[in-house]
Structures are given as C-alpha cells and as structure tokens.
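1. Compute the structure for the input listed below.
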Amino acid sequence: MKFLSRRARNFARIAATHSFVWWVAVFFQERETLPARNSFSLASSSPDGVNMPTTREIAYRHSDMLEDMRRLSLSILVLMCLVSLCSQLGSAQSAKVAVTPTEISADLGTCSALITVTGSDSKPTYGAKVTTHIQYGLFGVKKLDLEAYTGEDGQVKITNLPNLLKKPMYIYIVKDDKQEIEEFKPEVHCRATFNVQLR
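-> Model prediction:
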C-alpha cells in the first residue's frame, strides 16, 4: 500500500504539471485569438504622425492583462489544492494500514515468540526463513516442525507455543548465507521477543 500511495502522489504531481503547462498554453493561445479591442479608431496621432495609444486603449489593455492574470492564478491555486489533497489522502491511507507480522501456530499452549529480523543496515529483512523444531509430550517423543518467512516488516510470530518444554527449543533464522539461532525458554519469558540482526 505504501508503494501504491507513492505512485498515486507521483501521478498527481505529474498530472498537475501537465495541467499547468496546458493552462499556460491555452492562456497564450486565447491572448492571440482575442479580438483586439484597440482595432477601433481609438488611436490618436502625434505631431510627428506616429499613432499613440489613447487613455481608453491603455485601460483596455490593462483590464485584459488583469483578467488573464486572475484566470491563471485561479488555475494554479486549484492545481496546488488538488496535489495537496492527493498527498494527504495517500498519507492517511498509508497510516490506516496496520502491518501485522506473519504468524504460525503450534497449537500446544499459550506462549508465543515474536522474531524481528533486520540486516546489517538495521532495516527490516524481507524473506528471511524462520524455522523451529519442537519436542513435546511424554519424554518429548512427539515432534513438530514449523517454518515461515518474514514479511516487509521483517517479523514472524510463533503463537500457541507450549508453556513447558521437555527439551530445548531453538529458533533458526536464515537469509542467504547468514544465520542466527535463538533459544526459546517459556519458563523465563512465555511471550518472548527476539531482535535478530543478520550480519
């Protein structure tokens, strides 16, 4: 959704730029095609025989320029408001989307383990493989293997883990040629959190 919001804002900016150029082109085209108000015999001649603009002619020109400036200013204001509105909508939409970690359930108890994986740059690592092997039951003869991959937030949450382990439980985090191992101890932290940095 963030990617879509960025694309929407970029599209709005491009559209606003093109619209602005189009309005400027229309503005000058209209200026060229407007009937000249000074085509009426309003000019007066100077003693040297050169036509000089009259006061009325100058007033017409000034009025035309002000009207065109008002139109152009209004168009720019509308376009700026549209761009601002699109940006705010995109930001609000991104803020409303809550990223939840990838979850897998062991269905063996009430404990959990939240693993957050980051790279050497301290940014969330996408697509890191998280696996664990659980031995439970009488003498730990029963076995359960779980596997999941981190999402864009670099997280995996293993839920419903056993409250008591017969044998140690290790969580393996692998990405490319990098690996880290964490031990889950429910008797110490039933709802454990692991921050793993792959270097």
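2. Show me how the protein divides into domains.
-> Following automatic domain parsing, one finds the domains of the chain at 2-96, 102-197.
3. which one of these has the lowest average pLDDT?
-> Note on those: lowest mean pLDDT is at domain 2-96, with a mean of 58.
4. Let me see the contact set for the closest residue to D107 other than its chain neighbours.
-> Of all residues not flanking D107 in the chain, N160 sits nearest, at 5.0 Å (Cβ to Cβ, 6 or more residues apart in numbering). Using the backbone N, CA and C atoms, a C-beta is placed for each residue, glycine as well. N160 sits next to S105, A106, D107, L108, G109, T110, C111, S112 when contact means Cβ atoms under 8 Å, 6 or more residues apart in numbering.
5. Now N160, what are its backbone angles?
-> Here is the backbone geometry of N160 (degrees, to the nearest 10): phi 50, psi 40.
6. so where do the strands sit in the chain?
-> 44-45, 51-52, 102-105, 111-118, 129-136, 142-149, 155-161, 169-175, 178-184, 191-197 (DSSP state E).
7. Quick one: list the elements packing against the third one.
-> Think strand 102-105. If contacts are counted by 3 or more Cβ pairs under 8 Å, 6 or more residues apart in numbering; DSSP states H and E, strand 102-105 sits against strand 142-149, strand 155-161.
8. Brilliant, that's me finished.
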